[in-house]
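Enquirer: Structure for the following, please:
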Amino acid sequence: MKRLNRLTMLAALGGLVLAAVPFGAAEAQWVFLARKAMGRIHQMTEGQQNGRPGYDFATVILDVSADKVFATALDLARKNKSVRILMHDSHARRLQIAEGDRTATLNVVPFSDDVSQLLIAGHAGAGESSTASMVVHAVLRVCKEMHKHCEVSN
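Expert: Numbers count the residues shown, from 1 in each chain. Model (predicted):
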């Protein structure tokens, strides 16, 4: 009976070790990929469709907490006299601003306690051209304010 308890305990311990190994490896791969993407600004444009203006998107992963990224972006928007804050939700880390007919929505997504993703979607007003450079510059301003090196990815 004692031998059976010992075998059961060894089997349970072995199962725990095996269950932890793949998770640790997967987490290590995630950390490696996140570090490679850190500070690289990716952008995408969705062109005009059926007479409706398109959207421009820019995103970057930062080694900063989501709350700090959002607070920095909100502070920059409040200081910028050329934009109006249409909406802000600190709990959801979402902010919408306007400059003339152009609007932009900013969202910050936490990946961990100290890694987050900043996403900005810009929408040009009627008859205006792309907002791609504006959303990229907005991401760069947030990076600069937090003393993070960010660059546009190829």
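
Enquirer: contacts and neighbour counts: CA atoms only from here.
Expert: OK.

Enquirer: Mind listing what's buried along the strand or helix carrying D75?
Expert: Here D75 sits within helix 66-79, counting by DSSP states H and E. Using 16 or more other C-alpha atoms under 10 Å as the test for burial, helix 66-79 gives 66-67, 69-70, 72-74, 77.

Enquirer: Hmm, D89 and D67 touching each other?
Expert: No - using C-alpha atoms under 8 Å, D67 is not in contact with D89, being 11.5 Å away.

Enquirer: Now do the contacts for the nearest residue to D113 once chain neighbours are set aside.
Expert: Closest residue to D113 apart from its sequence neighbours, by C-alpha to C-alpha, 6 or more residues apart in numbering: S65 at 5.7 Å. S65 makes contact with 110, 112-116, according to C-alpha atoms under 8 Å, 6 or more residues apart in numbering.

Enquirer: Drop anything exposed from those residues.
Expert: For these, a neighbour count by 16+ other C-alpha under 10 Å gives the buried set as 110, 115-116.

Enquirer: Would you mind identifying the next helix or strand past the lowest-mean-pLDDT helix or strand in the chain?
Expert: When each helix and strand of the chain is scored by mean pLDDT, DSSP states H and E, helix 2-37 comes last, with a mean of 53. Downstream of helix 2-37, the next assigned helix or strand under DSSP H and E is strand 40-46.

Enquirer: returning to what we had before: need the buried ones among the contacts of S65 in a markdown table with secondary structure, can you?
Expert: As requested, the buried ones among the contacts of S65 are exported to a markdown table (DSSP: H, G, I helix; E, B strand; the rest coil):
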| residue | secondary structure |
| --- | --- |
| P110 | strand |
| V115 | strand |
| S116 | strand |
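
Enquirer: Which single one of the residues you listed is nearest to G54?
Expert: G54 lies nearest to S116 out of these, by C-alpha to C-alpha, at 26.1 Å.

Enquirer: Might you report the residue contacts of L86?
Expert: Applying C-alpha under 8 Å, 6+ apart, we find L86 in contact with 95-98.

Enquirer: Restricted to strands, list those residues.
Expert: Using DSSP state E, 95-98 are the members of the contacts of L86 that sit in strands.

Enquirer: Out of these, which comes closest to G47?
Expert: Distances from G47 to the ones in strands among the contacts of L86, taken by C-alpha to C-alpha, are shortest for A98, at 19.9 Å.
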